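In: Need a 3D model of the following:
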Amino acid sequence: MSQWYLDNFTITTNKNYIDRNMVYKFLSEDSYWAKGIPRETVEKSIDLSMVCYGIYDGDINSEHYEQVGFARVVSDLATLAYVCDVFVLSQYRGKGLSKWLMEVMTSHLDSQGVRVMMLATKDAHSLYEKIGFKSVENPEIFMYRANEKKS
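Out: Purely as a prediction, here's the structure:
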């Protein structure tokens with residue numbers, strides 16, 4: 001498990017610090033991509049994702065810290081990493097935390113030897129472009145399948 005620090009903020013990959021109630025509330029109520037998602041699905045996604053990153057206001061080694069952001073990675077840590085559920089709580093936006101989270105995440109995954117990182121976004125293209133993400137060059141070769149019966 002790794003930790004990074006910036007001013008009064010901490011990022012860690014230690015899942016034991018994740019405020020699952022906060023993550024569930026944000027995803028199910030505030031996100032556009034997972035609104036209404038069942039609690040069990042969020043729990044399973046955290047448990048089975050290779051790496052999760054939590055951003056905390058304060059030092060997680062002290063008694064006073066609060067989770068303010070999150071991201072998770074579905075990956076084999078070799079060939080592909082799918083970055084998802086990236087968010088910073090609205091009251092903490094504008095402080096550069098999203099950019100810092102993405103810089104930490106991409107550097108960490110690069111150091112693991114991940115060859116390709118992917119993500120999907122409706123509204124944060126400029127953030128991800130600053131970190132080196134590009135639009136798919138040949139979108140016609142990509143496909144997906146959604147299970148319409150599951151959330």
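
In: Please count neighbours and contacts with C-alpha atoms only from this point.
Out: Will do.

In: which residues touch V116?
Out: V116 sits next to T79, L80, A81 when contact means Cα atoms under 8 Å, 6 or more residues apart in numbering.

In: if you skip the residues just before and after it, what's nearest to L89?
Out: In this structure, L89 finds its nearest non-sequential neighbour in V68, 5.5 Å apart by Cα to Cα, 6 or more residues apart in numbering.

In: before we move on, the earlier item: any quick ChimeraX command for the buried ones out of the contacts of V116?
Out: Remark: buried members of these, expressed as a ChimeraX selection using 16 or more other Cα atoms under 10 Å:
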select :80,81
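
In: which ones among the contacts of V116 are found in strands?
Out: Secondary structure assignment by DSSP state E places L80, A81 of those in strands.

In: tell me which of the contacts of V116 is nearest to I55?
Out: Proximity of the contacts of V116 to I55 was ranked by Cα to Cα; the top entry is A81 with 19.5 Å.

In: Okay, the closest one and S31: tell me how far apart.
Out: Distance, A81 to S31, using Cα to Cα, to the nearest Å: 21 Å.

In: cool, S75 as well?
Out: Counting by Cα to Cα - S75 and S31 are separated by 22 Å.

In: likewise S45?
Out: S45 is 16 Å from S31, by Cα to Cα.

In: cool, and I60?
Out: Distance, I60 to S31, using Cα to Cα: 25 Å.

In: of those two, who's got more company?
Out: Shown here are I60 and S31; by other Cα atoms under 10 Å, I60 has more neighbours (18 against 15).

In: Tell me if that one really is in a helix.
Out: No. Applying DSSP: H, G, I helix; E, B strand; the rest coil, one finds I60 to be coil, outside a helix.

In: Surely it touches T10?
Out: Yes. Here I60 reaches T10: they are 7.0 Å apart, a contact under Cα atoms under 8 Å.

In: What is the subsequent helix or strand relative to the longest helix anywhere in the chain?
Out: Taking DSSP state H as the criterion, the chain has its longest helix at helix 97-112. Once helix 97-112 ends, the next helix or strand along the chain (criterion: DSSP states H and E) is strand 116-118.

In: Strand partners (parallel or antiparallel) of that next one?
Out: strand 80-88 (parallel) (DSSP bridges).
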